[in-house]
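Asks: Mind looking at a prediction? Sequence and model below.
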Amino acid sequence: MSHVKPNRAYSRAEYLSDAVVHGFGIGGALIAGPVIVALAAIWIGDPGLVTALSVYAFCMLAMWVASAFYNLVLRAEWTDRLRRIDQSVIYFKIAGTYTPFIALASGSFGFLAGIWTVAVAGASMILLSRTQPVVMAIVLYLALGWAGAVMGGPLVSTLSPLAFWLLVAGGLTYSAGVVFNVWGSLPFHNTIWHVFVLTGTICCYAAIVAEVAQAAPAA
């Protein structure tokens, strides 16, 4: 989940702090993903929703694992390949986060197809480009992340107030964190950026939990 490498070597403390954040991210995804899938299966039992949540859980875990490999594996010959994988997986994480909301909304599947089409196109751009389209990639991440607010009217209208504001908080957190992502000269900038990512991920996960709980039939 990083795009700008500083023109200096990271200190040991920076690597260790970043490893701790990634540990929370991976550990949290390993626990939180199966939990929300199991809750949806027990509370609602809809196969489409369970599948959508499984896609979300997988994308969330994949994002943290890919980021950990890129940021913490110190092998120069692997850097470019790991960077491309890390940056491409972010598109799938964004699309994966939309997926359960659209499954719950039952009617925005055209929007979902559009989101995943853009995600695949963005990932392909990262994986196949001979250069590093840093600015374009960041702009596309932000555009894809906020697409629901701009073009997903039917989707937004179905959200509970709690889920809506949690998603807004998550989007603002991710967006604000980009400042630290590109601030390569700031000590611990990578750790700070990943703390923002972790916080945004928690907000979006909480929004999904809120929607799944609301969709569950009353006992």
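Replies: Cool, the structure landed.

Asks: and for the helix or strand bottoming out on mean pLDDT in the chain, what are the contacting residues?
Replies: Lowest by mean pLDDT, DSSP states H and E among the helices and strands of the chain is helix 153-157, with a mean of 75. Applying C-beta atoms under 8 Å, 6 or more residues apart in numbering, the contact partners of helix 153-157 are Y98, F101, I102, A105, G107, S108, F111, G148, A149, F164. Where C-beta positions appear, they are placed from N, C-alpha and C, glycine not excepted.

Asks: For those residues, give me CSV that also has pLDDT and distance to V20.
Replies: CSV is the format used below for the contacts of helix 153-157 (pLDDT from 0 to 100; distance: C-beta to C-beta, whole Å):
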residue, pLDDT, distance to V20
Y98, 93, 29
F101, 93, 30
I102, 91, 34
A105, 85, 36
G107, 67, 42
S108, 74, 38
F111, 85, 37
G148, 76, 31
A149, 73, 32
F164, 93, 31
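
Asks: which residues of the chain fall in helices?
Replies: With DSSP state H applied, the chain shows helices at 12-43, 47-72, 79-105, 109-128, 134-151, 153-157, 161-182, 189-215, listed in chain order.

Asks: Comparing the ones you listed, which yields the minimum mean pLDDT?
Replies: Lowest mean pLDDT within the helices of the chain: helix 153-157, a mean of 75.

Asks: Tell me the buried residues in that one?
Replies: Applying a neighbour-count criterion of 16 or more other C-beta atoms under 10 Å, one finds L155, V156 buried in helix 153-157.

Asks: when you give positions from now on, start the count at 23
Replies: Got it, the first residue is 23 from now on, which makes the last one we talked about helix 175-179.

Asks: Closest to the centroid, which residue in this structure?
Replies: With distances taken as C-alpha atoms, centre = their mean, K115 lies nearest the centre of the chain, 4.0 Å away.

Asks: need the contact list for that residue.
Replies: Neighbours of K115 in contact, by C-beta under 8 Å, 6+ apart: C81, M82, A84, M85.

Asks: now with 10 Å?
Replies: 23, 78, 80-86, 88-89, 141, 163, 167, 219, 223, 226 (C-beta atoms under 10 Å, 6 or more residues apart in numbering).

Asks: Q236 too?
Replies: L126, T180, L181, S182, L184, A185.

Asks: Among these, which one lies nearest to L194?
Replies: The nearest member of the contacts of Q236 to L194, counting by C-beta to C-beta, is A185 at 15.0 Å.

Asks: Contact partners for the closest one?
Replies: Each residue near A185 by C-beta under 10 Å, 6+ apart is listed here: 123, 126, 178, 226, 228-236.

Asks: do the same with V161
Replies: Neighbours of V161 in contact, by C-beta under 10 Å, 6+ apart: P155.

Asks: Then the one 10 residues further on?
Replies: Going by C-beta under 10 Å, 6+ apart, A171 touches L177, V178, F186, L189, V190, G193.

Asks: if I look at it, how far off is L194?
Replies: Distance, A171 to L194, by C-beta to C-beta, to the nearest Å: 11 Å.

Asks: again with L150
Replies: 32 Å.

Asks: Of the two, which one has the most company?
Replies: L194 (14 against 9; other C-beta atoms under 10 Å).

Asks: and of the contacts of A185, the nearest to A60?
Replies: V234 (10.7 Å).
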